[in-house]
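> Okay, here's the prediction I keep looking at, along with the sequence it came from:
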Amino acid sequence: MPSETERTVVIDVFHDSVDAYLDGHAVVAVDVIRSMTTAITAVTSGRRCFPVPSIEAALPLAARLTNPLLVGELGGNMPYGWHMNNSPAELDLRSDVSRPMILLSTSGTRLICEAQQAPRVYAACLSNYRAQATHLAGRWPRIALLGAGTRGEFREEDQMCCAWIAGGLVEAGYRTDAKTAALVERWREAPATAFLGGKSTEYLKDTGQTRDLDFILSHIDSVSAVFPLRDGELIMVPTSG
């Protein structure tokens, strides 16, 4: 186990930052609204989940899988010919869990796919933030928590999730930089509803997709597992915490 002085955790936002963390960091990809929530909902139900960075990457994968469920959005719109939007609430209602899911989103799935060259990359959301922090503590000396970012912005829900995971790691002895410390301080005592009113939540309200907000708020800290990406597939690893 590394010494306390060697342990660091940093919060950053995707775009072009992921390359800085591929050498020696465990990377956690956070996209609360909605791709990582959808992915974790799928895997906890027993459905296989394959995140992809683009439609072009999805097509040959779909040809190799049996009756895959195509889920996702680009720029907020479901691609032509796909089966459903990137909705954890809608996915949770489906009973066809034997169908493997190919998941595409504007930022979140691209982030986790680009980060897979790191020593380990995980998907995380508010459903498993506590389990993620517990699992990471002591396992990796350097940890990067990356929000997916939307339209060039680090959205509030991803800031909060990253900060809550980082807060657990700080309690376990990890050090932070000033920017990360400020985010942890900002969100440490925030209620679960603190991200409501941000641009992501307003988009869901404006487009009649508030069921996903209700789903996210009703599943906070509900999953005692982490979700590493291995050979292109997200798998579930239960935690003891």
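Nice, I can see it. Here the structure is a predicted model, which means the values were calculated and not measured.

> list the contacts for residue 85?
For residue 85, the residues meeting the contact criterion (CB atoms under 8 Å, 6 or more residues apart in numbering) are 71, 72, 73, 78, 209. Where C-beta positions appear, they are placed from N, C-alpha and C, glycine not excepted.

> pretty sure residue 186 contacts residue 163?
Yes. Look at residue 186 against residue 163 with CB atoms under 8 Å: they come within range, at 6.8 Å.

> of those two, who's got more company?
Of the pair residue 186 and residue 163, residue 163 is the one with more neighbours under other CB atoms under 10 Å, namely 25 against 14.

> hang on, isn't that one packed against residue 182?
No. Assessed by CB under 8 Å, residue 163 is found out of contact with residue 182, at 9.3 Å.

> need the strands for this structure, in chain order.
Taking DSSP state E as the criterion, the chain carries its strands at 8-13, 26-30, 49-52, 69-72, 101-104, 120-124, 142-147, 225-230, 233-234, 237-238.

> Next, residue 66: phi, psi?
Residue 66 has phi and psi values of phi -90, psi 120 when expressed as degrees, to the nearest 10.

> which of the contacts of residue 85 are buried?
Neighbour counting over the contacts of residue 85 (16 or more other CB atoms under 10 Å) leaves 71, 72, 73, 78, 209 as the buried ones.

> so what does the helix or strand bottoming out on mean pLDDT in the chain touch, helix or strand wise?
Within the chain, confidence by mean pLDDT, DSSP states H and E is lowest for helix 199-206 among all helices and strands, at a mean of 91. In terms of contact count using 3 or more CB pairs under 8 Å, 6 or more residues apart in numbering; DSSP states H and E, helix 199-206 is assigned the packing partners helix 156-171, helix 210-218.

> neighbouring contacts of the shortest one?
Helix 210-218 is touched from outside by 32-34, 37, 41, 87-90, 92, 125-127, 157, 192-193, 196, 201, 204-205, with contacts defined as CB under 8 Å, 6+ apart.

> list the buried ones in it?
Of the residues in helix 210-218, those buried under the neighbour-count criterion (16+ other CB under 10 Å) are 212, 213, 215, 216.

> which pair in these spans the largest distance?
Greatest spacing in the buried residues of helix 210-218, by CB to CB: 213 and 215 (7.2 Å).

> Residue 223: which of the buried ones among the contacts of residue 85 is nearest?
Using CB to CB, the buried ones among the contacts of residue 85 come closest to residue 223 at residue 71, 18.7 Å.

> Hmm, residue 157 is touching residue 126, no?
Yes. With contact taken as CB under 8 Å, residue 157 and residue 126 are classed as touching, separated by 7.5 Å.

> Overlap of the contact sets of these two?
When contacts are counted by CB under 8 Å, 6+ apart, the set common to residue 157 and residue 126 consists of 32, 216.
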